[in-house]
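Visitor: A predicted structure for the sequence below; I have some questions about it.
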There are 4 protein chains.
Amino acid sequence: MIKVGIVGGTGYTGVELLRLLAQHPGVEVEAITSRSEAGMGVSEMYPNLRGHYDDLTFSEPDAERLGACDAVFFATPHGVAHALAGELLAKGTRVIDLSADFRLRDAEEWANWYGQPHAAPELLDEAVYGLPEMHRERIRKARLIAVPGCYPTAVQLGLLPLLEAGLIDVDHIIADCKSGVTGAGRGAKVPSLMAEASESMKAYGAAGHRHLPEIRQGLGDAARGPVGLTFVPHLTPMIRGIHATLYGRLTRDPGDLQSLFECRFAAEPFVDVMPAGSHPETRSVKGANVCRLAVHRPGDGDTVVVLAVIDNLVKGASGQAIQNLNLMFGFDEHAGLAAPALMP
Amino acid sequence: MIKVGIVGGTGYTGVELLRLLAQHPGVEVEAITSRSEAGMGVSEMYPNLRGHYDDLTFSEPDAERLGACDAVFFATPHGVAHALAGELLAKGTRVIDLSADFRLRDAEEWANWYGQPHAAPELLDEAVYGLPEMHRERIRKARLIAVPGCYPTAVQLGLLPLLEAGLIDVDHIIADCKSGVTGAGRGAKVPSLMAEASESMKAYGAAGHRHLPEIRQGLGDAARGPVGLTFVPHLTPMIRGIHATLYGRLTRDPGDLQSLFECRFAAEPFVDVMPAGSHPETRSVKGANVCRLAVHRPGDGDTVVVLAVIDNLVKGASGQAIQNLNLMFGFDEHAGLAAPALMP
Amino acid sequence: MIKVGIVGGTGYTGVELLRLLAQHPGVEVEAITSRSEAGMGVSEMYPNLRGHYDDLTFSEPDAERLGACDAVFFATPHGVAHALAGELLAKGTRVIDLSADFRLRDAEEWANWYGQPHAAPELLDEAVYGLPEMHRERIRKARLIAVPGCYPTAVQLGLLPLLEAGLIDVDHIIADCKSGVTGAGRGAKVPSLMAEASESMKAYGAAGHRHLPEIRQGLGDAARGPVGLTFVPHLTPMIRGIHATLYGRLTRDPGDLQSLFECRFAAEPFVDVMPAGSHPETRSVKGANVCRLAVHRPGDGDTVVVLAVIDNLVKGASGQAIQNLNLMFGFDEHAGLAAPALMP
Amino acid sequence: MIKVGIVGGTGYTGVELLRLLAQHPGVEVEAITSRSEAGMGVSEMYPNLRGHYDDLTFSEPDAERLGACDAVFFATPHGVAHALAGELLAKGTRVIDLSADFRLRDAEEWANWYGQPHAAPELLDEAVYGLPEMHRERIRKARLIAVPGCYPTAVQLGLLPLLEAGLIDVDHIIADCKSGVTGAGRGAKVPSLMAEASESMKAYGAAGHRHLPEIRQGLGDAARGPVGLTFVPHLTPMIRGIHATLYGRLTRDPGDLQSLFECRFAAEPFVDVMPAGSHPETRSVKGANVCRLAVHRPGDGDTVVVLAVIDNLVKGASGQAIQNLNLMFGFDEHAGLAAPALMP
């Protein structure tokens, strides 16, 4: 039984960590912090947890208490993990950061996209990008994990086989992505109101979204060189889910694309390559730590289309964070992540 | 490890049984039948189950194979369990019927509401109404369980404390109930289309709904005498959930209603009496086998209002069926039912 | 052509006034005010209006400019109309207040429910409650209209025939009401987020809601004496619509309830008594200034059930306000209100 | 006042024609046909129309009665207009076909995509493709109109300026399109159930959709040569709306794209080029006959992204059909189409 802490537990990724960890046989939640809600019971804010964490109360962030944990999750806005991660690592606590703080290897690029200096560049070298399908072995030994963003998870998993095999034009990749509204977090903003966001579809950030450099970095690793990516996210009227529709131009005969994808992910416990001709639905992964993929080549032409779905709060955030934890601490990789998706 | 069969597995209660049983440590699904889909893999129809039941295929109903199971669930339209239950019981297989076939003790009343004769009246005496909060001890010994309907579960749990204590006018009870669209099943009907049912609210069956006699029977048991009930169900634009708003007129000083409810359900693992002043949300029970309740007495007047929420597919159907199974076979009552609700 | 102003135009009732007035042949919108958005074009905030009000810009409230209008709508939080109405009336401008400021005849009761003193009690005598189905003749001559609230409109229209005919027990009326999320306004609040309010149903304000005294006042007028009402509103996962389910206990043989309702509203242009046995859907009034009603007497017992649906933003607010304007200025009562509901 | 008939009025495009025509000053609906619902009043099926067409009843298709109309709309499955159009034209009745029957100029290609022979190839020469932004003058004189499909309308309007100006690589155009559920019609099919289609997003027809040849034909006209298009439609959990996200690779310096779009559509009453940097929302066109567009060039790179939204039932079907009617009969092009979109 290991002890974990959660910093910034009032948002959606925080409660999702609690929901999933309630089913984890080897983890005890020792502390969950929130400046704004300190003193409130977690099940007051999240009544779905009544009966599960009845003694757990949001507390002020406290480095002593967190430092006594084996691992600490950061489910915080950017900048918070910068400030605390170093101190926790020094106490021997491992850090699993769900924010963007350690995702970009280049501190300057981070500063450009986030509009503030990177406050912990000395940790970047040892931070491991927590996409197990790319970096499983490094994750096992890591002390500091940068959990990938939701869009980046779906886009990278969908494109890895094509890029690793060198099959598509790396200069002109298109990622048309659709996300449910929890992707925008739990902040009280007018555009996130149900009266504004339901019964509608819109793109946003067409000129440039913060996930763009993260995706480019990951795709570049797979392609072993820089990639050109057009990434357009869309706000979709559903609570959870990301659907990535990915377009690449084939530069040579790709052979059997279905086999390529099946082989690439054959050993992956949380990537499901669906049968040829499938169209994965986001609801098929609701609440579950899985990415389902399908690959199409319309009209046997020179464009390949990959469809990838995840639950943005699970494989796109909290579930993937726990998958990382499982690897770091030697648990079964499925621990806490075994339940099927909720459908319908 | 016991073996179970599921008859009629293609509907929403069927897939929900599979979803929940995937997490049950003591149960193996031996067979799942469907005349219309025989030969299809369950995960073809329900891709959320990919990776969980990859070898399980819908099969033709087969009394031999079902009779080799320790228990069989019926997730069928009414009439099917009438035809098969007796044969299975004779083979020593216990039967847990999610349909309405054995809910009414009076075969004639059943025939009136369902428009066909009751085809197994000889089994009515031994059928046990599977509401653990009323009949736990009888359930433990039962061979044949009639799992309560979704509306009846919410209405009965909300009213039991008041009726058992004799606090309200039994002739004028009102149950205003709101159900998500899965309550109408998976049949392809125009009124269930998203373009028809979403962004709208309507009542239905105001003149009389098939759950009415079942609710009256259960409330009558609690009140030890006949009750007069007005029951108006409403179709609500959400997938899962029932919200029952129950109105009773107090016939005497009720004392502390909050304590009354808390005491009545103190030992119940799946009934959650929320703090005074609460308004339970259906999403707080999404996917979970729990009924959350709140009791109000507006203006300290003579009307008591009870708010009760369940997930119609879980505590209102498949979860409750498994709770019954757990009692019948001596499992921990939480087995397969331990996960928190999915929220948001 | 008359000139109108709108105070507080950024909320949902403000934009709805603009949407409806765009189709009104006799009205020109002269000014629309908003302190927070002064200087912004209305179609920047509400792109559905692009092409309709391209020269109209939110402006600071300005009594001179508003006072030059023939009529001014207040689509403001409570308290604002108190401060400005008197001055406008003195300039000869008629006032149509969509807020609660002049709905209660008793200034003290208002102060109790709204937590602040009534700031214009001297105007209460001349304020007319703008429910045309009750007060059409007084509205025609009024200078100051209190437009009814959304719940009060649905509940009163549904109960008027029964109360006027003295058919039900006035001490024990139940109004179980379901509202879409625009009822909560456009404020940025966590419970109104799509991730919180969709896919869920909950009651709120069971202990007492601000519309309760307004409804009691109106029902009391119809009943010619005080009424006892239990009113429980529910938040429903849809954008627009109110469904009121109303329960009364019959005190004598009611005769033909269907005829009673049809006769009561035969001359009403915006009340639609549906055929016997109907269950009106809120979507059948989406965007339209109509209340559809159905009356049921389940099992021919002593409980009468009325189902009433409106669009909370139209017949429950802005449409009704325009209906009042039409009466006050001698327009056809349908002016600006002729379009059918949007379905599906 | 002209007289029109509607063949196949029970589907969503049929009721939408009625909704819009109720506001048209110059049109009277003389007949509406439906084999399956003959004898039912239109407002029984569509209660939103109560009070508008109270004497209109679905009737059996009757060539005499339809032939007495000035114009007949076909809101039918494919194949029906093939059978009737010739006879009506011979009687001097103009035909506006909302189905796919006359959209493709090549009868063989039609036969390939629709799996049956084209039954009226002799009419193809005179059929005019009813996209006013391309063919307004031909529409004015037409006797037979093929109303464009919903996806084709959005995709063509979004790409016309780029293709006409010869700015993009015509061999590699991508149209990633998202449609609300009314796009699938009113048929009772399991995938269209609210319990299946809400809270989820999925692609469909990635291998080839019937709108593909229609779009290619229209884009080819604009490009004056064949185009290569990858078209992936997605089912989106909303009732109405299409969002097309269009990607083209620039083949030369495009100059000021915003101006290009504004100039191209400056005279178009129903195309709205939004300000630079905009992201149009489908709800901004809900119920209205307008296409809103925005053009982006992310990172000033060589990929241009066009965002186009329409209401699939209005500018994508019934509204566009009425716009055609207005042109053919010399009405104001806005007649019946003047109301703003319903938002929120």
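Guide: Nice, thanks for sending it over.

Visitor: C-alpha only now, for contacts and for neighbours.
Guide: Fine.

Visitor: what about residue A:293, distance to residue A:135?
Guide: With distances taken as CA to CA, to the nearest Å, residue A:293 is found 20 Å from residue A:135.

Visitor: same question but for residue A:78, I mixed them up
Guide: 23 Å.

Visitor: Now do the helices for the stretch 151-300 of chain A: every range, in order, please.
Guide: A:194-197, A:211-223, A:257-264 (DSSP state H, counting those that start in this stretch).

Visitor: Show me what the longest one is in contact with.
Guide: To tie it back to what came earlier, the one meant is helix A:211-223. Contacts to helix A:211-223, defined as CA atoms under 8 Å, 6 or more residues apart in numbering or on different chains, come from residues A:103-104, A:109, A:149, A:151-152, A:155-156, A:159-160, A:163-164, A:166, A:170, A:226-229, A:231.

Visitor: Got the phi and psi for whichever residue of the stretch 51-200 of chain A sits closest to chain B?
Guide: Nearest to chain B in the stretch 51-200 of chain A, going by CA to the nearest CA, is residue A:52, at a distance of 7.4 Å. The phi/psi pair for residue A:52 (degrees, to the nearest 10) reads phi -110, psi -40.

Visitor: returning to what we had before: look at residue A:78 and residue A:135 and report which has more neighbours.
Guide: More crowded of residue A:78 and residue A:135, by other CA atoms under 10 Å in any protein chain shown: residue A:78, with 16 against 12.

Visitor: Count the residues that sit near residue A:199.
Guide: 26.

Visitor: Show me the strands in chain A, by range?
Guide: A:2-7, A:27-33, A:58-59, A:71-74, A:94-97, A:128-129, A:144-146, A:173-179, A:202-203, A:229-235, A:242-249, A:271-273, A:291-296, A:303-310 (DSSP state E).

Visitor: which bits of chain A sit near chain C?
Guide: Applying CA under 8 Å from any CA of the partner chain, we find that chain A lies next to chain C at A:181-182, A:186-190, A:192-195, A:197-198, A:238-239.

Visitor: circling back to that earlier point, among the helices of the stretch 151-300 of chain A, pick out the one with the most neighbours on average.
Guide: Comparing those by mean neighbour count (mean count of other CA atoms under 10 Å in any protein chain shown), helix A:194-197 ranks first with a mean of 26.

Visitor: so how far is it off the chain centroid?
Guide: Offset of helix A:194-197 from its chain centre (CA atoms, centre = their mean, to the nearest Å): 25 Å.

Visitor: what packs against that helix?
Guide: The contact analysis (3 or more CA pairs under 8 Å, 6 or more residues apart in numbering or on different chains; DSSP states H and E) places helix A:194-197 against helix C:194-197.

Visitor: ok so, going back, pull out the buried residues from the contacts of helix A:211-223.
Guide: Burial of the contacts of helix A:211-223 was assessed by neighbour count (16 or more other CA atoms under 10 Å in any protein chain shown); the buried members are A:103-104, A:149, A:151-152, A:155-156, A:159-160, A:163-164, A:166, A:170, A:227, A:229, A:231.

Visitor: Domain map for chain A?
Guide: A:2-126, A:150-312 (automatic domain parsing).

Visitor: returning to what we had before: including distance to residue C:114, could the helices of the stretch 151-300 of chain A go into JSON lines?
Guide: Putting those into JSON lines (distance: least, CA to CA, whole Å) gives the following:
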{"stretch": "helix A:194-197", "distance to residue C:114": "25"}
{"stretch": "helix A:211-223", "distance to residue C:114": "46"}
{"stretch": "helix A:257-264", "distance to residue C:114": "63"}
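
Visitor: Spatially nearest residue to whichever residue of the stretch 151-300 of chain A sits closest to chain B, not counting backbone neighbours?
Guide: Closest contact between the stretch 151-300 of chain A and chain B, by CA to the nearest CA, is at residue A:284 (4.4 Å). Leaving aside its sequence neighbours, residue A:284 sits nearest to residue B:48 (CA to CA, 6 or more residues apart in numbering or on different chains; 4.4 Å).
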